[in-house]
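Colleague: need a 3D model of the following:
(one chain, ligands or ions: 1)
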Amino acid sequence: MKQKYWDALAKNFSTDVLEISDCDLDGVILKTASRLGGKKKQAVDFGCGAGAVTRAVAPYFGAVLGLDFSKDLLARARDLTRAANISYEWADLGAARAKRYPCDVAFCANVLIADDAKLRERIARNVIRNVKKGGAAVFIAPSFESALRVYQVAFNCQIKDGVARDLALRDVKGWIREEIASLPEGVVRVGGVKTKHYMADELSELLERCSLSDIALSRVSYPWSEMLDNAPRNLKSAPPWDWMAVGFKR
Ligand SMILES: C[S@@+](CC[C@H](N)C(=O)[O-])C[C@H]1O[C@@H](n2cnc3c(N)ncnc32)[C@H](O)[C@@H]1O
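Modeller: Now for the predicted structure:
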């Protein structure tokens, strides 16, 4: 996932990419921003994309800076932004000697998703080293548990619709073969692109290794329609989710 890949997505970003803050069913991101925020506090949104999270959390902070290495996404973010306490800047978070952006609260939503473990860890370390002592970091990342659960629910929906068991199984297993690029590594193809997904313990372990403490995980749930084309309206199963990890710099 190079810079050019993200630049190419800029034009239709809101329709082609799930911007989690726009479909957070329980308002978990805003509640977290409200809990951690303050008018004297500075937040940085690392890997801000078109700035959806940046704009969502801005009312809870004195100032918010959005950083990204896609010039086209930064241009889109600037176009969509009206609030005076928001600014944007170009930064490569994967660079070994990335510039410092000290902040009270760091947000990093769906950025640790590349199919390269070393790059993911470098970005996580860069984000956390910018958090001031006593400050907090909020990481959002795709859930591997959720990805697997979607296959089960899709299978159950077909059975409920009267599809024969072996046909439903063949269909969903084909879907799994197409999408799960690496089960042990938690890599799933999303729109054909290899995307890292995390199990809860795995995300906590990564962030602890990168010097984040007191980590608490919660779900950021989003609608079934994002995962299933014809999701039944009366679907009772809990909706799919991203993990949100909140931790502190001690
Ligand atoms: C899936 S998008 C998420 C955008 C935004 N955080 C949101 O939730 O709406 C991932 C973003 O991370 C950015 N990104 C990925 N690797 C990066 C890097 N090494 N340095 C800076 N930005 C990066 C991409 O350009 C893209 O905007």
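
Colleague: around the ligand, pick out the residues from the protein.
Modeller: When proximity is defined as C-beta under 6 Å from any ligand atom, the chain approaches the ligand at 6, 17, 19-20, 47-49, 52-53, 68-70, 73, 91-94, 109-111, 123. Using the backbone N, CA and C atoms, a C-beta is placed for each residue, glycine as well.

Colleague: only the buried members of these: can you turn that into a PyMOL selection?
Modeller: Entered in PyMOL, the line below selects the buried ones among the residues of the chain next to the ligand, by 16 or more other C-beta atoms under 10 Å:
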select buried, resi 6+17+19+20+47+48+49+52+53+68+69+70+73+91+93+94+109+110+111+123
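
Colleague: the residues of the chain next to the ligand in helices, which ones?
Modeller: Among these, the ones falling in helices (DSSP state H) are 6, 52, 53, 73, 123.

Colleague: can you tell me which of these is closest to residue 246?
Modeller: Distance to residue 246 across those (C-beta to C-beta) is lowest for residue 53, with 13.9 Å.

Colleague: pLDDT score for that closest one?
Modeller: pLDDT for residue 53: 98.

Colleague: does it touch residue 106 like I think?
Modeller: No: contact between residue 53 and residue 106 fails when scored by C-beta atoms under 8 Å: they sit 11.2 Å apart.

Colleague: I figured residue 202 hits residue 186, correct?
Modeller: Yes: using C-beta under 8 Å, residue 202 is in contact with residue 186, at 7.0 Å.

Colleague: anything in contact with each of these two?
Modeller: Common contacts of residue 202 and residue 186 (C-beta atoms under 8 Å, 6 or more residues apart in numbering): residue 144.

Colleague: so between those two, which is more surrounded?
Modeller: Using other C-beta atoms under 10 Å, the more surrounded residue of residue 202 and residue 186 is residue 186, with 21 against 15.

Colleague: what's the spacing between that one and the ligand?
Modeller: Separation of residue 186 from the ligand (C-beta to the nearest ligand atom, to the nearest Å): 16 Å.

Colleague: numbering from 53 from now on, please.
Modeller: From this message on, residue numbering opens at 53, which makes the last subject residue 238.
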